[in-house]
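Undergrad: Following is a predicted model, sequence given first.
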Amino acid sequence: MLNLTPTEKQAWRGFLHTHDSLWKALDAELGKDELNLPAYELLTTLQDTGLSGMRMTELARSLRFSGGGLTRLADKLQRQGLIGRRRCPEDGRGWEVYLTSVGEEKLRRIHARHLREVRSRFLDRLSPQETELLAGIWRRFEETP
């Protein structure tokens with residue numbers, strides 16, 4: 001039977017616990033503005049693309065969503081007026097998603113507060129060297145084995 005060493009177990013369980021507690025706290029904070037973390041990530045990703053928007057398939061891949069999961073979230077955000085969808089001008093088959101002016105305004109209102117929460121709940125607990133180390137470690141997991 002395979003076992004983890006005590007240090008490995010602490011590292012793994014610590015990661016899981018920290019991820020879970022940070023996710024819940026940040027998600028609850030965004031919930032005050034009727035958003036959640038996946039919606040916030042979608043909106044900030046679209047903000048980065050500018051006026052051109054992004055194809056739904058590319059957005060799903062970027063956000064690590066299934067096609068159906070992204071469609072449900074996009075439907076909800078579109079009903080709230082935060083995003084819009086249009087046919088892709090290149091081929092007319094796919095759909096592009098873009099951030100609306102209402103979505104821009106909502107992000108502008110909550111962005112600074114969200115980043116303050118990220119800083120106080122996570123970044124302020126690390127030294128600059130630890131932050132640099134973690135940034136390098138996470139890059140190792142971006143590649144698929």
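TA: Yes, it's here.

Undergrad: ok, so what distance separates the residue nearest the centre of the chain from Arg64?
TA: Centroid-nearest residue in the chain, with Cα atoms, centre = their mean: Glu41, separated by 3.1 Å. Separation of Glu41 from Arg64 (Cβ to Cβ, to the nearest Å): 9 Å. Just so you know, the C-beta spots here come from the backbone N, C-alpha and C atoms, and that holds for glycine as well.

Undergrad: Glu117 too?
TA: 22 Å.

Undergrad: buried sites along the longest helix along the chain?
TA: When secondary structure is assigned using DSSP state H, the longest helix within the chain turns out to be helix 6-31. Neighbour-count burial for helix 6-31 flags 26, 29-30 (criterion: 16 or more other Cβ atoms under 10 Å).

Undergrad: Now for Val97, how many residues are close by?
TA: Each residue near Val97 was counted by other Cβ atoms under 10 Å, and the total is 23.

Undergrad: Flag every buried residue along the helix or strand hosting it.
TA: Element membership for Val97 (DSSP states H and E) is strand 95-99. Neighbour-count burial for strand 95-99 flags 95-99 (criterion: 16+ other Cβ under 10 Å).

Undergrad: okay, those in CSV with pLDDT and distance to Glu132 next?
TA: As requested, these are arranged in CSV below (pLDDT from 0 to 100; distance: Cβ to Cβ, whole Å):
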residue, pLDDT, distance to Glu132
Trp95, 86, 39
Glu96, 91, 36
Val97, 92, 34
Tyr98, 94, 35
Leu99, 95, 31
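
Undergrad: Just the closest of these to Leu2, please.
TA: Proximity of the buried residues of strand 95-99 to Leu2 was ranked by Cβ to Cβ; the top entry is Val97 with 43.6 Å.

Undergrad: Hmm, the closest one is touching Glu58, no?
TA: No: if you go by Cβ atoms under 8 Å, Val97 and Glu58 don't touch, sitting 9.4 Å apart.

Undergrad: that older thread, who's more crowded, Glu117 and Arg64?
TA: Neighbours per residue (other Cβ under 10 Å) separate Glu117 from Arg64, with Glu117 holding more: 16 against 10.

Undergrad: In contact with that one, which residues?
TA: The contact partners of Glu117, by Cβ atoms under 8 Å, 6 or more residues apart in numbering, come to 25-26, 29.
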